[in-house]
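Novice: sequence and predicted structure are below.
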Amino acid sequence: MTVPTDTPIQPVERPILCSPYEAPALHWQYDRASGEATKMAGRRPSRYWYKTRDDVRGQGMLELVEGQDDLVAVNQLRSDVARWRDSGWEGATPITKEVLRHWKSPDRPRRLFFCQREAVETVIYLAEILHSGRHTRFKPDFPTADLARLVDAPANPDLLPLRRYGCKMATGSGKTVVMSMLIAWAFCNRGRTPGDERFANAVLVCCPNLTIFERLQVLRPERADNYYAAFDVVPNKLRPLMQNGRVLVLNWHKFAPESEHAEGGRSYAVVDKGAETPEAFARRVLGDLYDRLPIMVLNDEAHHCYRPAPLEEKLSRDEAKGVQSDREEATVWIEGLDKINNALACGTGLLPLNKAARGNHGQDARATKAGIRMCVDLSATPFYLHGSGYTEGSPFPWLVSDFGLVDAIESGIVKIPRLPVSDTTGRPEPKYFRLWRTIVDERLEPGEFLPGRGRKPKADPVFREAEDALQQLAGQWVQRFEQIQEARPGQENVPPVLIIVCDNVDIAEVFYRKISGEEPIEAATEEDVAEVEGDDENGESSSASFKRKPKGPRVSYGHGAIFPQYFANTPERKHTIRIDTDLLAKAESEDESKSKKELGEELRKVVATVGKPGEPGEHVRCVVSVQMLTEGWDANNVTHILGLRAFNSQLLCEQVVGRGLRRMDYKPDRETGLLTEEYVDVYGIPFSVIPFKGRPTNKAEPDDRPKNHVRAMPERAEMEMRFPVVEGYAFALQRNRIRCDIDAMEPTVIEPNRQPTATFLLPTVGYQEGGPSQTAPFGFTEQDREAFYQATHLQAIKFQIAHGVIAHLVGDMGGRSDAQTRVWRLRSRHQLFPQVYRLVDEYVTRKVDRRDADPRELGLQKYAMRVMELLRDAIQPDDTEGEPPLLPVLNRYKPFGTTADVEFKTPRPCHGTQKSHINQVVLDTRTWEASAAFRLESSEAVAFYARNDHLDLMIPYEFQGVDHHYEPDFLVRLANGTTVVLEIKGFEDAQTTAKHTAAQRWVAAINNAREHGRWAFHVCRDPQLLEKELRWLLANACDDEQTVVSRS
């Protein structure tokens, strides 16, 4: 096979270099300049890279700025712990040495990974040797003085600091086993020497959600399925020592402060206890564990537990919502630990304390009264999150152990992600590598973004542009699925899982509907037909059908657009699920005030059991999620991942991809002793497997020009202006008579040079900078759309196009309607289908230019939608039969825009307002806007107005075969309630005429809908005459039946 490349491929034997049970002795170093992957001796130092985002639009291109920076403390401790291990763990207690020997033994039936042992050894070395003041025969690299840095101090100096040890462990490397090892170490030592309080006899395990909470119950020694027995964590003769220890697992939500009016979990108006003290908090939360203080705390997914710093960066509304939630979670979690840590000092009257009493390394006389002996943090990404107030991606300062994703891949502990490196388009960078950026920056028109400051793309165009990638990736999934179906009796045949990670809920909903085939409908029932036919016989329409509360939408289970025989849902079985983030978050919160049904308990159970035979998630094949998979996802049957969101950092890439890399098989190869390769094919996630140091987010680029802050004023809320976001138009057909001139329609060209029909993938190993390289130590894997072609028929494509055209013609977009409308739509679909299908067939035959591509490429959304839109716009009501005019089709996810969303800063000149919801009008270089704004402010005919700047009122139109969007200058609300779309225009050319024609059509359709008030369109060519024209509009735009369209 010939692979497009500029540099010869340098093959090596395999990507997995090291045994997962021994310290890494080799690593890959990838040189992009030479195209060689070099096998380097020794272990890769712990480090992360300085990187910055060069392009702030969309996804952004990541470019290396200066180089890499070592995690100094981690590297020092690695060296010290290795020598301590070689010394036979000198200075440790006999119990500690016994459990460490037990864990290291190669004869164990279930061997423990080296990364698990090293993380535990590092914590034990710090606790038993350094913090106890013991000395070793070797000179430590890690200075004792630096122990003071391994604390997390509250802002209040009178509160005790938390001693924290952070362990970075790749997803799938066994963090729960590590927690069981730490608990066993503490309990066995305390059981043998009850008076030694260096070792806790109680452990609090904190976690972020209910799913993880349930899984961590295996850490409770009294459970029959506990990990101590399952993984042979405790030697048989030491197991009786575990009996005196207690483990409490809590969701962080339990740390929320109790109301001053609450007592025993109930609220009373007459109870006023005052603020809850640390002691009272600790007693309430810990219960019996309070009497065992000081305790050890284990924080799972600990990157959520930090002290938020002041936030200086400007966030969008959507970002601010998510960031606020993250900061609240972090605050509740860390403040809960602070209260427990200070409970004993508070109870003994040692708070506050004179600063003079403090000892060395930030310690003081109260240290012996700390309620928490130490916190051990476990996370695959122990870095500060976006919106934390710190540099995004910077590591927690108390990080002491590091076994990241690169190490896990080279040790075979996780699957290897394969990324696109070239495709048949010949692009320098394959389309599917940075798919989101390619779509947002290169493929979408201005009108295909939603109104508002965020400029988010509309959901349907995103699916259109991503469908080819999805079809290709799903085709590979089908091949994998069919291989698994050939499993012999007794072999596991759990289906593989395709994950789609979307930017927002709207996009996720579109992808879910397209894949699952589920559509909300309002079907015409027998009762509806009887009611309407009864009205027809009486010659009048009963008002009862309009007054009666409409029935809720039903779900139609149809054929999805992506291999429906595999992914489409049925009433009996769901192969495709969408993770409703808000609903799942409520379920994960463990909020007892809601019923399980309200909290989405069923969804949580399905998500939590994907890939598990006999469980609710057993049959799931495709998961559509928003932003990233939820923490606690532990399915090991993920084989394909599609990313459709911005990835502004490698940290995000690791968070999203990492949760899909759990292995299925951990049996080593008998000859090599290494684990065998398992792969995940990844499209759309520019993952370079590079430790990442984030860019500072609180430093803006210098700009000396003064800027005007243009914004909506809440105190003028009565002047808010709302407008429909019109996606297109639907006919209010009565006799279902249509006509269409195929000859006058624009052709559709299949473009195989723009939509790749094959993609070449490589496994990702070692360090790599920037985009994908076409050179690597391993062979290419070619993926094409042959499975898509085999599952797709041209006649079915034409059928689906006809169905889509009819849906637009009858306005069947899934909204609620009355019985009469439902029956009319049912009749219309039957009467229109033969006419529309004939037009589709004629257009495909005469107007589709395939350019030697497979004719079934027409089935891709990009082309099918193009044909659908052309026919939709070309089909006209047959006015000779008296058909009525158009109706608007609104965006289903954001049907209305509003002046309330306007907020931006600009160096352009502005003029203050009195009659506008927006505080200033931005003036272009022309003086006409200034003159028009003055006239609008002074006119008695005007109630209020708004300049269409960042308001995103866009009217769709077509000019010379190209779709455009027209942005008029002003919205004006007249004194009689009419809203005028106002354009200030001088010279008019052919395209301007097309814009104005489109505006007339837009206004006519809005008025035909009779739901959005009265609207008019007006073109003013001389602002001096605007006052007179406004008075004329006021006098002539008062009839509900009239569509006012005027020109001066």
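Specialist: Thanks, I have the structure now. Numbers count the residues shown, from 1 in each chain.
Novice: what pLDDT does residue 874 get?
Specialist: Model confidence at residue 874, given as pLDDT, is 76.
Novice: give me phi/psi at it?
Specialist: phi -80, psi -30 (degrees, to the nearest 10).
Novice: name the nearest residue to residue 895, sequence neighbours excluded.
Specialist: Nearest residue to residue 895, sequence neighbours excluded (C-beta to C-beta, 6 or more residues apart in numbering): residue 725, at 5.9 Å. All C-beta atoms are positioned from the backbone trio N, CA, C, and that covers glycine.
Novice: which residues does that neighbour contact?
Specialist: 450, 451, 890, 891, 894, 895, 896, 897 (C-beta atoms under 8 Å, 6 or more residues apart in numbering).
Novice: grab the nearest non-local neighbour of the third one.
Specialist: Residue nearest to residue 890 in three dimensions, not counting chain neighbours: residue 724, with 5.4 Å by C-beta to C-beta, 6+ apart.
Novice: now do the contacts for that neighbour.
Specialist: Taking C-beta under 8 Å, 6+ apart, we find residue 724 in contact with 888, 890, 895, 896, 1006, 1012.
Novice: residue 250 now?
Specialist: Counted by C-beta under 8 Å, 6+ apart, residue 250 has contacts 204, 205, 206, 207, 213, 285.
Novice: most neighbours among those residues, please name it.
Specialist: Among the contacts of residue 250, the one with the most neighbours (other C-beta atoms under 10 Å) is residue 206, at 27 neighbours.
Novice: give me the helices and strands touching the strand or helix carrying that one, please.
Specialist: When secondary structure is defined by DSSP states H and E, residue 206 falls within strand 202-207. Using 3 or more C-beta pairs under 8 Å, 6 or more residues apart in numbering; DSSP states H and E, the elements in contact with strand 202-207 are helix 175-192, strand 246-251, strand 295-300, helix 317-341.
Novice: can I get those in JSON lines with mean pLDDT and distance to residue 41?
Specialist: Formatted as JSON lines, the helices and strands packed on strand 202-207 follow (pLDDT from 0 to 100; distance: least, C-beta to C-beta, whole Å):
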{"stretch": "helix 175-192", "mean pLDDT": "97", "distance to residue 41": "28"}
{"stretch": "strand 246-251", "mean pLDDT": "97", "distance to residue 41": "42"}
{"stretch": "strand 295-300", "mean pLDDT": "98", "distance to residue 41": "35"}
{"stretch": "helix 317-341", "mean pLDDT": "89", "distance to residue 41": "41"}
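Novice: please pull up the helix or strand immediately following the helix or strand of the chain with the lowest mean pLDDT.
Specialist: The helix or strand of the chain with the poorest confidence is strand 692-693; it has a mean of 35 (mean pLDDT, DSSP states H and E). The helix or strand immediately downstream of strand 692-693 is strand 708-711, counting by DSSP H and E.
Novice: all helices of the stretch 1-150 of the chain, in order?
Specialist: Assigned by DSSP state H, counting those that start in this stretch, the stretch 1-150 of the chain shows helices spanning 72-86, 94-104, 114-124.
Novice: which of the ones you listed sits most buried?
Specialist: helix 114-124 (a mean of 24; mean count of other C-beta atoms under 10 Å).
Novice: chain center to it: distance?
Specialist: 32 Å (C-alpha atoms, centre = their mean, to the nearest Å).
Novice: now do it and helix 72-86, the angle between them.
Specialist: If you take axes from the mean of the first three to the mean of the last three C-alpha atoms, to 10 degrees, helix 114-124 sits at 100 degrees to helix 72-86.
Novice: any idea of the mean pLDDT for helix 114-124?
Specialist: Mean pLDDT, helix 114-124: 98.
Novice: and for stretch 933-944?
Specialist: Mean per-residue pLDDT for stretch 933-944: 93.
Novice: now that stretch, how far from the chain's geometric center?
Specialist: On C-alpha atoms, centre = their mean, the centre of stretch 933-944 falls 45 Å from that of its chain.
Novice: and for stretch 244-253?
Specialist: 30 Å.
Novice: who touches the nearest residue to residue 663 once chain neighbours are set aside in this structure?
Specialist: Leaving out its chain neighbours, the residue that sits closest to residue 663 by C-beta to C-beta, 6+ apart is residue 678, at 5.4 Å. Counting by C-beta under 8 Å, 6+ apart, residue 678 touches 415, 416, 663, 664, 665.
Novice: now residue 678: phi and psi?
Specialist: phi -130, psi 140.
Novice: before we move on, what about residue 663?
Specialist: Residue 663 adopts backbone torsions of phi -70, psi 160, taken as degrees, to the nearest 10.
Novice: buried residues in the helix or strand containing residue 470?
Specialist: Assigned by DSSP H and E, residue 470 belongs to helix 459-485. Neighbour counts using 16 or more other C-beta atoms under 10 Å place 459-478, 480-481 of helix 459-485 among the buried residues.
Novice: in the stretch 351-500 of the chain, what residue spans correspond to strands?
Specialist: Taking DSSP state E, counting those that start in this stretch, the strands of the stretch 351-500 of the chain run over residues 372-379, 399-403, 416-423, 497-502.
Novice: tell me the angle the shortest one makes with helix 72-86.
Specialist: Right, strand 399-403. 70 degrees.
Novice: export strand 399-403 to CSV, keeping only CA atoms.
Specialist: Extracted C-alpha coordinates of strand 399-403, given in CSV (Å, rounded to 0.1, in the frame of the first residue of the first chain):
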residue,chain,number,x,y,z
LEU,A,399,2.1,16.6,43.3
VAL,A,400,4.5,13.9,44.4
SER,A,401,4.0,11.0,41.9
ASP,A,402,3.5,10.9,38.2
PHE,A,403,2.5,8.1,35.9
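Novice: returning to what we had before: next one: the helix holding residue 470 to chain centre, how far?
Specialist: The answer for helix 459-485 is 19 Å, by C-alpha atoms, centre = their mean.
Novice: relative to residue 626, how far out is the residue nearest to residue 890?
Specialist: When distance is defined by C-beta to C-beta, to the nearest Å, residue 724 is 26 Å away from residue 626.
Novice: re earlier: what mean pLDDT does the strand holding residue 206 have?
Specialist: On average, strand 202-207 scores 98.
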